[in-house]
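1. I would like to see how this sequence folds:
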Amino acid sequence: MTGVAVPGRGRLGRGALCEGDRVDFRPLTQDAIDAAPEWMREIPLRPDRWRDAHTRSVVGIEGEDAVAAGILWTSRVHGDRYWFEIAVAPYRRRRGLGREMSARLSALRGDDLAFMTRGYVDDDRMAFARALAARTIQVVPPADIAVASRTALRHHPAVRSAADVEWLQIAEANAAVYAWTHAAWSPVGPQFAEALNEDLADELDRDATSVAVVAGRVVAGRVVANCMVYLDESPPVVTAETTAADTPDGERLVEGCVRRSLDVLAARGETDVVFDGHVSDPHFLPVWTRLGPTGRWFHLVEVPAVPAPARPRS
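-> Residues are numbered from 1 along each chain as shown. Below you'll find the predicted structure:
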C-alpha cells in the first residue's frame, strides 16, 4: 500500500487500537528516515519541522520497530490546506493505526486548516480519505494520450515555439495559467510565482513547448495560451490552457498550441504523452476530449482534521 493507510474492516471495524497495542508516537528524525523499512519509504519522508512549524512528521514505534509514519506540510504555492500522507506497516493495517496517526497529525497543525490529499479513485489511500469524510475538490481526467491522435486538432497561425519567446514571458504565462485555473478550489499564495517557477527552466522542454502570441495585446507578457512540455518525465507530461479565463478564442488557441507540441514530439519519435489538467479547465477540456484519452480518473480531496483521541483517566 502506498501513502494513506487503509481504513479498518472486519470485526475490528474502524475503532481504536486493539487491547495490548502500545505505540509510541514521536517526531521523525533523519536517523529514523535512514533506517526506514521499505513500506515507510512509499510516502515522502522528511525530519520533523524540516522547513518550519507547518512541516511536521511523526513515526509510530512499537517495541523497537516502526509501525506507522505520517507527514504534513503546506505548499509554498498555495498554503490554504495541509498536504498529508500516512503509511502503516503491512502487518499492522486495518487496526485503527492510520486513524490514530491522522489524529496525531491534526494536533500538530500550526494553523486551523483542513488536510488535502490526492490519488486515483480506486487507490487504498482514497478509500481511507473518504472514511475520514473527505470531499472531492477537483478531478483530473484520464491522462494518457497517443501522439498520433493529434491529427484531430488544427494548427493556429498565432502559435510558435517557446524557444522564440523571452523567458520572462514564459514564466509569467505559466504563473498566470496556474493562478486562475486554481482560484476557485485551491487559491495561490501571495508569493506563489517564485516557488512555482523555481525549477521551470530545468524541467521545461522549450523547443516542444508552444505558445500563442497575439500581436498588440499584452496578457501575461503577450503570451495568451500555452502548451507546456516537461523534460523530467517519460512519457512527456503536457499541460495546456490560456493565461486568462476570458481569453477570446481560448479553446482555438489551446488547440493550436497542443497540435504544434504534439507535432514536435511525433517528429522525435514519441508515441505517447500524459496530459495534466482539470475537468474545470474550460479550454483544455474540449481539446482533451478530441484526443481519445485513456487511463484512470484522479481525485484531489479535502479531509477535515481528526479530533484528538480521548485519553483514559489515570
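2. secondary structure class for the residue nearest to residue 186 when sequence neighbours are not counted?
-> Among residues not flanking residue 186 along the chain, residue 78 sits closest, at 5.4 Å (C-beta to C-beta, 6 or more residues apart in numbering). C-beta: built from backbone N, CA, C; applies to glycine. Secondary structure for residue 78, judged by DSSP: H, G, I helix; E, B strand; the rest coil, is coil.
3. Could I have the CA atoms of whichever helix or strand residue 119 is part of written out in CSV?
-> Assigned by DSSP states H and E, residue 119 belongs to strand 115-120. Taking C-alpha atoms only, strand 115-120 is exported to CSV below (Å, rounded to 0.1, in the frame of the first residue of the first chain):
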residue,chain,number,x,y,z
PHE,A,115,-5.9,18.4,5.1
MET,A,116,-5.6,17.6,1.5
THR,A,117,-4.5,14.5,-0.4
ARG,A,118,-4.8,13.0,-3.9
GLY,A,119,-4.8,9.7,-5.7
TYR,A,120,-6.5,7.5,-8.3
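4. From residue 69, how far out is residue 62?
-> Distance of residue 62 to residue 69, computed by C-beta to C-beta, to the nearest Å: 12 Å.
5. do the same with residue 148
-> Noted for residue 148: a distance of 43 Å to residue 69, by C-beta to C-beta.
6. Quick one: distance of the longest strand along the chain to the chain centre.
-> The longest strand of the chain (DSSP state E) is strand 65-74. Here strand 65-74 is found 19 Å from its chain centre; the criterion is C-alpha atoms, centre = their mean, to the nearest Å.
7. Parallel or antiparallel, list what pairs with the next helix or strand after that strand.
-> If you walk from strand 65-74 toward the C-terminus, the next helix or strand you reach (DSSP H and E) is strand 82-88. In the sheet, strand 82-88 lines up against strand 65-74 (antiparallel), strand 115-120 (parallel) (DSSP bridges).
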